[in-house]
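Student: Structure for this input, please:
(chains A, B, C and D)
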Number of protein chains: 2
Amino acid sequence: MAVLSRKQREIAERHNHFLDIARSLLHEEGFHQLSMDRVAELAEYSKGTVYQHFNCKEEMLGQLCISAMQRLYGLGQRALNHKGPHRERLLAFFIAHDVFQHLEYDDVCMMQNYHTDQVLVKLSPATRTRHDELEKNIFQLVQSIVEDAMEAGDLPTDRATSGDIVFGLWSLTHGAQSLRSLGLPFEQMGVSNASTAIVGMLESLLDGLGWKPLSNENPASPEKLAQLRTALFKDEIDAAQQKSQSEQN
Amino acid sequence: MAVLSRKQREIAERHNHFLDIARSLLHEEGFHQLSMDRVAELAEYSKGTVYQHFNCKEEMLGQLCISAMQRLYGLGQRALNHKGPHRERLLAFFIAHDVFQHLEYDDVCMMQNYHTDQVLVKLSPATRTRHDELEKNIFQLVQSIVEDAMEAGDLPTDRATSGDIVFGLWSLTHGAQSLRSLGLPFEQMGVSNASTAIVGMLESLLDGLGWKPLSNENPASPEKLAQLRTALFKDEIDAAQQKSQSEQN
DNA sequence: GCCAACTCTTGACGTATCGTCATATTTTGA
DNA sequence: TCAAAATATGACGATACGTCAAGAGTTGGC
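Tutor: Residues are numbered from 1 along each chain as shown, chains lettered A, B, ... in the order given. Take a look at the predicted model:
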């Protein structure tokens, strides 16, 4: 038993080692440069061994996306646990998304690849299911805030169902994230700043849905947003800064 | 001159022939199944000839995306020319997007691939620029509606700039489009219908921005939406139906 | 109508990556 | 200690990429 589990631990460790290598290749040179041969070479194992862990490179990408989603889910949970009015909690969730976009920008680009027929077709059903479930969990995280607000009477229930509202919010963030990763010249097009623009649109959308307190009663000023961001994610942001500084040396 | 131009016409024709083949391969089997050898074989030309037209398969995809964007732009222009209140014209633009999503679903999936590092890195600068410009044109199409509404006093100018508003609207549609192409089980998640949900969210967003007439004064009922859709795009929808019927035979 | 110059087309070639599988190596436990 | 089981290896066949020298076709002057 002890021996078996040592072996199992070794395998699990190697699995993560492969994933780490794949992640860095992916971040440095993009999905098209990721190859099983390269991973094997860098990990100092043979190709066959890598194939025992992942039956294709799409599978590696899928598993990396799963950990990225888990990270996002974790940030979202923090936002959910924020004490404050429902509307502020939702705002906190958006901030979590924005923090994720800043801290794990490479992962956001990586996910762009995931959503491609190329990848989805070759992915193992297990990984695909796992990913879909995480997507659903995040959806439900937001839905729970929306439904709390409805129950508390802060949000009218006659205009839209909670599911529809979450779908709209999700589209807004997902779309913004996707557009930003394209690197179009937004400033030239008259967009002041993608982050603040999206928060502004979110606020307007919530106002339009009649989600109290409306933004003119309790506006989300830049200071307040910054404060919320710091309160919730200071440790993460600092850790990321330290990490990037140490990488420069 | 006449001889030269005949040759040029031949080349242009072949170019389109290659693109047609590439499009159908792409639609039937996805980007990963598209190969230069296959295109050459199906077109009954040699590989080298195909490479004289497109220096890589990403270039083919890029050019196909450009025509898809032109199609979308055309639909958008129709919406823009719609006579009616500004807000209704914007709604018409969203309907155009939705019609595009329904009529050219394969193209929507195709564009998912375009937004990938794999493709963007290998694309010729000319095609990339052309595509970015089209994206910008569509952006400006919407921006012109927004600015008209501001000038007419139907939309407050103090809450957000026109650029920020367009960015938000674009995120909303782009995100919804992208999410829908993932094939997640939205019904199970409590989303009634992605199309109507998004229109509802759009209406709320416009309400929140204070864009008059507000939806409670002049609601966009399902009937009205259907009517608008028919008025603007009946010919396109019918043509697509006939086409799909004739394909079944 | 002929030929030299020029343009266009071809497909074999070298390289890269994929995923497989027979063989070699290591581990296990009797 | 050794045979059986588990694991690791890398050579192999297949597919696709992008190139380029050689062949095929075209043009225009004579």
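Student: for the residue nearest in space to the middle of chain A, phi and psi?
Tutor: The residue lying closest to the centre of chain A (Cα atoms, centre = their mean) is residue A:72, at 3.9 Å. Phi and psi for residue A:72, reported as degrees, to the nearest 10, are phi -60, psi -40.
Student: residues touching it, list them.
Tutor: Counting by Cβ atoms under 8 Å, 6 or more residues apart in numbering or on different chains, residue A:72 touches A:96, A:97, A:100, A:104, A:138. From N, CA and C alone the C-beta is placed, and that goes for glycine too.
Student: and with 6 Å instead?
Tutor: For residue A:72, the contact set (Cβ atoms under 6 Å, 6 or more residues apart in numbering or on different chains) comprises residue A:100.
Student: How about the one 10 residues further on?
Tutor: By Cβ under 6 Å, 6+ apart, the contact list for residue A:82 reads A:89, A:92.
Student: go again using 8 Å as the cut-off
Tutor: A:88, A:89, A:92, A:228, A:231, A:232.
Student: Quick check, pLDDT for the last one.
Tutor: The predicted structure scores residue A:232 at 95 on the pLDDT scale.
Student: Please identify which helix or strand holds it.
Tutor: helix A:222-248 (DSSP states H and E).
Student: Please produce a PyMOL select command covering the buried subset of the contacts of residue A:82.
Tutor: Here is the PyMOL command that selects the buried residues among those (16 or more other Cβ atoms under 10 Å in any protein chain shown):
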select buried, chain A and resi 88+89+92+228+232
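Student: Report the two of the contacts of residue A:82 separated the most.
Tutor: A:89 and A:231 (12.5 Å; Cβ to Cβ).
Student: Can you tell me the SS state at the closest residue to DNA strand D within chain A?
Tutor: Closest contact between chain A and DNA strand D, by Cβ to the nearest atom of the strand, is at residue A:48 (2.2 Å). Of the three states, residue A:48 takes helix under DSSP: H, G, I helix; E, B strand; the rest coil.
Student: Give me the helix or strand of chain A that scores worst on average pLDDT.
Tutor: helix A:2-29 (a mean of 85; mean pLDDT, DSSP states H and E).
Student: On the three-state scheme, residue A:191 is what?
Tutor: coil.
Student: Give me the local confidence score for it.
Tutor: 94.
Student: what's the answer for residue A:249, then?
Tutor: Note for residue A:249: predicted pLDDT of 67.
Student: Equivalent analysis for residue A:244, please.
Tutor: 87.
Student: Distance check, it against residue A:102.
Tutor: 11 Å (Cβ to Cβ, to the nearest Å).
Student: ok, stretch A:42-52 near DNA strand C or not?
Tutor: Yes: counting by Cβ under 7 Å from any atom of the strand, DNA strand C is contacted by stretch A:42-52 at A:47, A:48, A:51.
Student: Chain A: helices as residue ranges?
Tutor: Secondary structure of chain A (DSSP state H): helices located at A:2-29, A:36-43, A:47-53, A:57-81, A:86-103, A:105-114, A:117-122, A:125-151, A:162-180, A:194-209, A:222-248.
Student: could you dump those helices to TSV with distance to residue B:208?
Tutor: Below are the helices of chain A laid out as TSV (distance: least, Cβ to Cβ, whole Å):
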stretch	distance to residue B:208
helix A:2-29	37
helix A:36-43	48
helix A:47-53	49
helix A:57-81	21
helix A:86-103	12
helix A:105-114	27
helix A:117-122	35
helix A:125-151	15
helix A:162-180	12
helix A:194-209	3
helix A:222-248	17
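Student: Where among those is average confidence lowest?
Tutor: When the helices of chain A are ranked by mean pLDDT, helix A:2-29 comes last with a mean of 85.
Student: number of nearby residues for residue A:196?
Tutor: Residues near residue A:196, counting by other Cβ atoms under 10 Å in any protein chain shown, number 15.
Student: Next up, the contacts around it.
Tutor: Counting by Cβ under 8 Å, 6+ apart, residue A:196 has contacts A:222, B:164.
Student: which parts of chain A sit against DNA strand D?
Tutor: A:7, A:11, A:14, A:45, A:46, A:47, A:48, A:49, A:51, A:52.
Student: Quick one, which of those residues are buried?
Tutor: Buried, going by 16+ other Cβ under 10 Å: A:14, A:45, out of the residues of chain A next to DNA strand D.
Student: and residue A:248, how far is that from chain B?
Tutor: Using Cβ to the nearest Cβ, to the nearest Å, one gets 24 Å for the distance from residue A:248 to chain B.
Student: about what we covered before: between helix A:57-81 and the least confident helix or strand of chain A, find me the angle.
Tutor: 90 degrees (axes from the mean of the first three to the mean of the last three Cα atoms, to 10 degrees).
Student: Helix A:2-29 and chain B in contact?
Tutor: No: using Cβ under 8 Å from any Cβ of the partner chain, we find that helix A:2-29 stays clear of chain B, coming within 8.7 Å at best.
Student: List the buried residues for that helix?
Tutor: Result for helix A:2-29 [16+ other Cβ under 10 Å]: buried residues A:14, A:17, A:18, A:19, A:21, A:22, A:23, A:25, A:26, A:27.
Student: Show me how far it is from its chain's centre.
Tutor: 22 Å (Cα atoms, centre = their mean, to the nearest Å).
Student: So which elements touch that helix?
Tutor: Applying 3 or more Cβ pairs under 8 Å, 6 or more residues apart in numbering or on different chains; DSSP states H and E, one finds that helix A:2-29 makes contact with helix A:36-43, helix A:47-53, helix A:57-81, helix A:105-114.
Student: I'd like to know which of the residues of stretch A:42-52 next to DNA strand C is nearest to chain B.
Tutor: Closest approach to chain B among the residues of stretch A:42-52 next to DNA strand C (Cβ to the nearest Cβ): residue A:51, at 18.8 Å.
Student: now that we're looking at the residue nearest to that closest one when sequence neighbours are not counted, which residues does it contact?
Tutor: Using Cβ to Cβ, 6 or more residues apart in numbering or on different chains and skipping the chain neighbours, the partner closest in space to residue A:51 is residue A:36 (6.8 Å). By Cβ under 8 Å, 6+ apart, the residues touching residue A:36 are A:47, A:50, A:51, A:54, A:56, A:57.
Student: Could you tell me how many residues sit around the second one?
Tutor: If I follow you right, that is residue A:50. Neighbours of residue A:50 using other Cβ under 10 Å come to 23.
Student: Make sure it is actually in contact with residue A:18.
Tutor: Yes: counting by Cβ atoms under 8 Å, residue A:50 does reach residue A:18; the two are 6.1 Å apart.
Student: shared neighbours of these two, which are they?
Tutor: With Cβ under 8 Å, 6+ apart as the test, residue A:50 and residue A:18 both reach A:39, A:43.
Student: interface residues of chain A facing DNA strand C?
Tutor: Of all the residues in chain A, those lying near DNA strand C are A:3-4, A:6-7, A:33-38, A:47-48, A:51, A:55-57, A:122, going by Cβ under 7 Å from any atom of the strand.
Student: Could you chop chain A up by domain?
Tutor: Using automatic domain parsing, the domain ranges for chain A come out as A:1-54, A:58-248.
Student: Run the chain-centre distance for the last one.
Tutor: Think domain A:58-248. For domain A:58-248, the distance to the chain centre is 7 Å (Cα atoms, centre = their mean).
Student: what do you get for stretch A:240-249?
Tutor: With Cα atoms, centre = their mean, you get 22 Å for stretch A:240-249.
Student: So what touches it?
Tutor: So stretch A:240-249 is contacted by residue A:103 (Cβ under 8 Å, 6+ apart).
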